[in-house]
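> Build me a model:
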Amino acid sequence: MDICGNQSYFSQNAVVLSHQSPLLRYAACALAAKQLGQTRHPELQIRQTNTQSLMMKALIDTKLGFTWYGAKYYERAIQLLAQQLSSGERATNSSSPNQIHDMGLTSNSQPAYENDDGSLPTQIIAACILCQYEDVNAAIRAWSGHIDGVFRLLRPHLPEPKCFHLSTAIPQPARALDATFWFFVVNDMLNAFVTHRKTRIDPADIVLWCKMDLPLDAYGNPITEAPCDAQSETILFKALIRTMCHLVNSDLENATQWSMVSEEFDRWHDIVPSSFYTPIIWPPDGPNAGDSIGDFSRETWSPNDICAITVAFYHMSRIILLANRPTEIPVRQPGTTADLIGSYNALHQELRKHAMEVMAIMHAMPSETVQKYMLQPLYVAGRCLTDFKERSALLQVLRNMGDDFGLFTDY
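Residues are numbered from 1 along each chain as shown. The predicted structure is shown next:
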C-alpha cells in the first residue's frame, strides 16, 4: 500500500495503530488473512517465531482457514466503520480478532462496544485498507465502492486537511495524509481506467495538487528542483499519476485532446533526469538485440520500487495512447511510406517496444509492492503480444503473482 517511494506509513504504523483501534485491527487482519488465504503456500509467508508458530497451529486446528477469518474480520471492520460514521458515539467492538471464532460470529451477531478514539484519520486509514482488501480479489464493484467511500471521507478536508494536522490519535499526521491521499489517487486512476469512467479527483485542480505535495507551476508543469534525489523521484511519480488521470479522463477519439495528452507525457519524459532511470539490462544489448525472443526475455533491474512502478506506468500510458490514436493522426516511421500497411507495421512496432519495457521490469522479479501495481501494465502490455509463446509466458507470470502473494489474477 506504500507506493510513494520513501513513504512507508501503512507498513510502519499499521501495527501500532491497530493496537489502539479495533477498527484498524480488524481491517488489517482481514486484509492479511485474505491475502494469505489466496497464496499457494501461506505458511511460507509467515515468519515462524514461537508466537507465530502457535498462531499458525491455532488456525490450522480450527480447520476454517485464512479466507474464512479474512471474511469475518472484514465483516466486523465494516460494522465498526459504519457505526462510527453513522453516529456521534465513539463506540466500537471490544473483542479482538483472536476471539472472533469463539464468539460464533454470524451476520446477525450483535457486538459489544466500548470507547475508542473513532478519529477521522483512523477511519480514512481503515477505509484504505478495506479498499485494498477488495482490490486483491478483483472485486471491481466492491473496490469501486470503497474508493467512493475513501473519497467521501477525504473530500471535505482536502482544501484544508486540519483533521490530520491537528490529530493526536495517529503518529506523524502529515505523513498519514500523504500516504492515504496518494493511495487513493493511484487506486482512483486505476479504477477509472478499468471501469471506463472519469477519476473522482480533478487533475486540473492545481491548488489541490500543490497542497498534496506535488509542486506545480501556474501551467500545471511539475517543478522538480528538489533538495534530494528521493524527493525528486517521488515528485516525478506523483506528476505522472496526475498526467495519467488526465489520460483516463480524456476523449482519446478527439484528435485535439489526444494530442494535448500526448504532449503532456512528452513534457514529463523530457524532465526525467538520467539519474532517475538507470536500469541494469540483462542480457546486454548485442548484435541480435532486435531478436523477438531476446526482447521478451530481457530483465530491467531498477534502482528502487518507485522508479520501477513509474516506468511501468509510463509505458502502459504510451500503449493506451497508441492504441487509441485517432485515424487522422498517422503513425509513421522515418523512411516508410504513408500507406495503411506501413502505418499498421509502425504502430505494431511502437506498441511492442513499450510492451517489452513493461515485461522487462517484471522479469527482474521486483518487490511485491511493485508486482501489485504491475497488474494493469502487464494486462495492457499483454494485449500487444501476438506470439503464442509470449502470451502463454505472460499468463504464467500472472498466475505466479496469485500463487506467490495472493493477488487474484485468474480473470
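> quick one: least confident helix or strand in the protein?
Lowest mean confidence among the helices and strands of the chain (mean pLDDT, DSSP states H and E): strand 113-115, at a mean of 39.
> Now do the same contact list for the closest residue to residue 8 other than its chain neighbours.
Closest residue to residue 8 in three dimensions, ignoring its sequence neighbours and counting by C-beta to C-beta, 6 or more residues apart in numbering: residue 2, at 4.6 Å. Every C-beta, even on glycine, is put in place using the N, C-alpha and C of the backbone. Each residue near residue 2 by C-beta atoms under 8 Å, 6 or more residues apart in numbering is listed here: 8, 9, 10, 11, 179, 369.
> so how far is residue 19 from the second one?
Computed with C-beta to C-beta, to the nearest Å, the distance linking residue 9 and residue 19 is 16 Å.
> Looking at these two now, which is surrounded by more residues?
Taking neighbours as other C-beta atoms under 10 Å, residue 9 and residue 19 compare with residue 9 leading, 24 against 10.
> Which residue is the nearest non-sequential neighbour of the more buried one?
Of all residues not flanking residue 9 in the chain, residue 179 sits nearest, at 3.6 Å (C-beta to C-beta, 6+ apart).
> Do I have it right that that neighbour meets residue 11?
No. Residue 179 lies out of contact with residue 11 (C-beta atoms under 8 Å); the separation is 9.8 Å.
> Next, show the common contact partners of these two.
With C-beta under 8 Å, 6+ apart, residue 179 and residue 11 have common neighbours 1, 2.
> which one of those two has more residues nearby?
residue 179 (25 against 12).
> which residues does the more buried one contact?
Contacts for residue 179 were tallied using C-beta under 8 Å, 6+ apart; they are 1, 2, 4, 7, 9, 10.
> what bits of the stretch 1-150 of the chain have low per-residue confidence?
Counting by pLDDT under 70, the stretch 1-150 of the chain contains low-confidence residues at 5-7, 42-48, 60, 88-118.
> helix or strand for residue 83, which one?
Take DSSP states H and E as the rule and residue 83 turns out to sit in helix 65-86.
> can you count the residues close to the residue nearest to residue 16 when sequence neighbours are not counted?
Here the nearest residue to residue 16 in space, its sequence neighbours aside, is residue 171; by C-beta to C-beta, 6+ apart that works out to 6.6 Å. Residues contacting residue 171 under the criterion other C-beta under 10 Å number 13.
> Now do the SS call for residue 169.
At residue 169 the chain is in coil, as set by DSSP: H, G, I helix; E, B strand; the rest coil.
> quick one: it from residue 315, how far?
41 Å.
> ok, those two, which is more surrounded?
With neighbours defined as other C-beta under 10 Å, residue 169 and residue 315 compare such that residue 315 has more, 21 against 16.
> For that one, list the residues it contacts.
354, 355, 357, 358, 377, 381.
> So residue 148 versus residue 321, what's the distance?
28 Å.
> Between those two, point out the one with more neighbours.
Ranked by neighbour count (other C-beta under 10 Å), residue 148 and residue 321 place residue 321 first, with 19 against 14.
> you'd agree the more buried one is in a helix?
Yes. Counting by three-state DSSP, residue 321 falls inside a helix.
> That one against residue 262, yeah?
Yes. Taking contacts as C-beta under 8 Å, residue 321 lies within contact range of residue 262: 5.6 Å.
> Quick one: classify residue 300 as helix, strand or coil.
Per three-state DSSP, residue 300 ends up strand.
> does the nearest residue to residue 183 once chain neighbours are set aside sit in a helix or strand, and which one?
Excluding its sequence neighbours, the residue lying closest to residue 183 (C-beta to C-beta, 6+ apart) is residue 128, at 5.2 Å. Assigned by DSSP H and E, residue 128 falls within helix 120-135.
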